[in-house]
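Student: Turn this into a structure:
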Amino acid sequence: MDRLTQFSRDGAVFDVDDAGPLDGPVVVLLHGFPANRSSWRGVTPALNDAGFRTLAPDQRGYSPGARSRGRAAYRSAELVRDVLALVDASGAEKVHVVGHDWGGFVAWQLATVAPQRLERLTVVSTPHPKALQRSLLTSAQLLRSAYIGFFQLPEVPERVLPERMVDTLVASGLPRDVARDYARFMDEPGALTGGLNWYRGAWLPGGSRMDGGDRRVRVPTTYVWGSGDTALGRRAAELTADHVSAPYRFVELDENHWIPEVAPDALAREILADV
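Tutor: The predicted structure is shown next:
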């Protein structure tokens, strides 16, 4: 068995970090916006030392060979199929999926439409999409999410965000050196538009639909949330339990939104706690 440095689906080529024992159980790590696979590099050593093989891809819009044009390419069904292609490329029947931010959204979708491919699920920061929807009118979540409306505008965010990205990320709790790394990555041709298209694609008909029966998750799940998260509030975090019909554990950390970057050891312990 060889290391994966890339995998492909329908002509798109995705870059991957593959670490740990090749014959170990597979953990797939899905990043969010505006991060990339480097966000997991503080988490993976503990997982690898525990015997797990970790696969961290740069997802659609982030990998240079997978910066699809147009919002339609970023509907949830496409994002899920990308990850399933990675699972197939790994040779594993089932994997443990860990997702943060938008990667958490994809993780919830995977657990709904392809539970047979998941051993278990760990979602970081991102509440279940239905819990987030329920919280919009029963908490301050609508105000927290107001920036998403701005991201729908054509071209304007691409002009405005580069000058403000580092300071905005630092204000939300991300260390400045990491914020600078992400901003440099977003300066690559097409990267910022690719990342923003996740927000834009979700607003298309069917763009964020959760298919599959009653949409409840039936995969053992750990949800890790930071009490200092400025983007995703407590109400949605607490409602998430209502959408999981499997062993479920809610972990609240005294951290901000950027748990993989600022608390990698604590996150690794939670990922490993139930395996």
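Student: so who does S245 touch?
Tutor: By CB atoms under 8 Å, 6 or more residues apart in numbering, the contact list for S245 reads 216-218. The C-beta positions use only the backbone N, C-alpha and C, and glycine is treated the same way.
Student: quick one: which of those is most hemmed in?
Tutor: Ranked by neighbour count (other CB atoms under 10 Å), the contacts of S245 have V217 at the top, with 26 neighbours.
Student: So in terms of bridging, what pairs with it?
Tutor: Taking DSSP bridges, one obtains V244 as the residues bridged to V217.
Student: quick one: it and S90, what's the gap?
Tutor: Per CB to CB, to the nearest Å, V217 is found 22 Å from S90.
Student: Point to the residue nearest the middle of this structure.
Tutor: In the chain, the centroid-proximal residue (CA atoms, centre = their mean) is G103; its distance is 1.2 Å.
Student: Not counting its neighbours along the chain, what's nearest that one?
Tutor: Spatially, and ignoring its direct neighbours in sequence, G103 is nearest to L30 (2.9 Å; CB to CB, 6 or more residues apart in numbering).
Student: burial of the one you found, as a residue count?
Tutor: For L30, the neighbour count with other CB under 10 Å is 29.
Student: on that earlier part again, just checking, the residue nearest to the centre of the chain touches H31?
Tutor: Yes. Using CB atoms under 8 Å, G103 is in contact with H31, at 5.1 Å.
Student: Now for the two: what residues contact both?
Tutor: Common neighbours of G103 and H31 are listed as Q59 (criterion: CB under 8 Å, 6+ apart).
Student: From start to finish, how long is stretch 243-262 in a straight line?
Tutor: Distance between the boundary residues of stretch 243-262 (CA to CA, to the nearest Å) amounts to 28 Å.
Student: got it, and stretch 44-60?
Tutor: With CA to CA as the measure, stretch 44-60 spans 21 Å from end to end.
Student: roughly how far out does it sit from the chain middle?
Tutor: Computed by CA atoms, centre = their mean, to the nearest Å, the chain-centroid distance of stretch 44-60 equals 14 Å.
Student: next one: stretch 144-159
Tutor: Worked out by CA atoms, centre = their mean, stretch 144-159 lies 19 Å from the chain centre.
Student: from now on call the first residue 342
Tutor: Okay, residue one is now 342; in that scheme the one you just asked about reads as stretch 485-500.
Student: Show me what counts as buried in it.
Tutor: For stretch 485-500, burial by neighbour count (16 or more other CB atoms under 10 Å) applies to 485-486, 492, 498.
Student: try stretch 454-464
Tutor: The neighbour-count check on stretch 454-464 (16+ other CB under 10 Å) flags 454-455, 458-464 as buried.
Student: Just the ones of these in helices?
Tutor: Under the assignment DSSP state H, the buried residues of stretch 454-464 contribute V454 to helices.
Student: For the buried residues of stretch 454-464, name the two members farthest from one another.
Tutor: Farthest pair in the buried residues of stretch 454-464 (CB to CB) is V454 and T463. Separation: 17.9 Å.
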